[in-house]
Structure formats: C-alpha cells, structure tokens
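Undergrad: Only the shape, not the letters, is given here:
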C-alpha cells in the first residue's frame, strides 16, 4: 500500500495532477478490509450452516447402520426431511439435499455455494466422492438413493455416543 501511495505522490508532482491521496488511501484501506473479510468465507459459511442445521434439526433423520431400525413412517409423513446424520470413523456427518443447502447459503448471503463446497473439501469437511462434492444417500430407509452433500459436524471431536 505504501508503494501505491508513494507512486501516487510522485505522479501527482511530476505530472502536476490533482489526486486526492487521502481518498485513494481510504479506498485502499476499505478494499483491504473487504478482502480480509472474504478470505475465510468458508469458515463463515460453516458457522452459518451449523446454525441453520441446529435450527432445523428436526428435519434430519439419523441413518441407522442396522437393518430393521426404521423410523416410523407416521412420524416422517408429517414433516419435511432435508437429509440426515450418520457416523463415520468416530465423526458425525450431516447429509443434506443440494437444493436445501443452496437455499441456506443464499439466505446467509453466500451466493456461490460451489466456492464454499470447494473450500470445505480442501479443508476435509466433506465426505464426498473423489471428483465431486456429493455422495448418494437414502433420505428414508425405503427410498431411492439421491445426491446429497455430506458435511462433517464438529470437526476434531471424537464421538461421545455409541453409533
């Protein structure tokens, strides 16, 4: 930033131009602040995702690993189901329908959800196929597998309950 300000001062004197160097400095500082705020957009989006998941927890099923451990269909018929949760290697994941995820991100001010997903995948927060951001999961025990995003909950914490 100092180089830009010195360059502006030199150009102002050499070319006899009337630059508002104070305003230029303000713009540079404002831009730097905006860039810093956006640098860890993935962390901000993750916090927002966790908040939305907590608020909508009743719309997620727990994936049972054993056969015949079905949730009653009468319970599922009366609510929207956005996805579910499951355990993998002592870590809990939430799986969510892409349309719900995109809407949550949009509502949170995160317009491009692919940027968020790329950041999360690089940080190891997604359980996804190698060349994708998604996996296939069943939302209900007897349903067809659909494409979902699988996002790690509370990274780094070991499972405290039995799977």
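TA: Yes, it's here. A quick note: this is a predicted structure, and the numbers were derived from the prediction, not measured.
Undergrad: To what extent is the closest residue to residue 153 other than its chain neighbours buried, counted in neighbours?
TA: Leaving aside its chain neighbours, residue 153 sits nearest to residue 92 (4.5 Å; criterion: Cβ to Cβ, 6 or more residues apart in numbering). Using the backbone N, CA and C atoms, a C-beta is placed for each residue, glycine as well. Neighbour count for residue 92, taken as other Cβ atoms under 10 Å: 19.
Undergrad: Tell me what residue 92 is bridged to.
TA: residue 87 (DSSP bridges).
Undergrad: so it sits right up against residue 154, yeah?
TA: Yes. With contacts counted by Cβ atoms under 8 Å, residue 92 reaches residue 154, the gap being 6.8 Å.
Undergrad: about what we covered before: distance of the residue nearest to residue 153 relative to residue 19?
TA: 56 Å (Cβ to Cβ, to the nearest Å).
Undergrad: Could you do residue 55 as well?
TA: Applying Cβ to Cβ to residue 55 and residue 19 gives a distance of 50 Å.
Undergrad: again with residue 9
TA: For residue 9 relative to residue 19 (Cβ to Cβ), the value is 8 Å.
Undergrad: now swap in residue 49 and tell me
TA: Taking Cβ to Cβ, one finds residue 49 at 44 Å from residue 19.
Undergrad: what's the distance between the strand ranked longest in the chain and the middle of its chain?
TA: Looking across the chain with DSSP state E, the single longest strand is strand 145-152. Distance of strand 145-152 from the chain centroid (Cα atoms, centre = their mean, to the nearest Å) equals 13 Å.
Undergrad: which strands and helices sit next to that strand?
TA: Counting contacts by 3 or more Cβ pairs under 8 Å, 6 or more residues apart in numbering; DSSP states H and E, strand 145-152 packs against strand 91-96, helix 98-107, strand 135-138.
Undergrad: Run through who's touching it.
TA: Contacts to strand 145-152, defined as Cβ atoms under 8 Å, 6 or more residues apart in numbering, come from residues 49, 83, 86, 91-98, 101, 117, 120, 124-128, 133-139.
Undergrad: Pull the contacting residues for the residue nearest to residue 153.
TA: So residue 92 contacts 85-86, 152-154, 159 (Cβ under 8 Å, 6+ apart).
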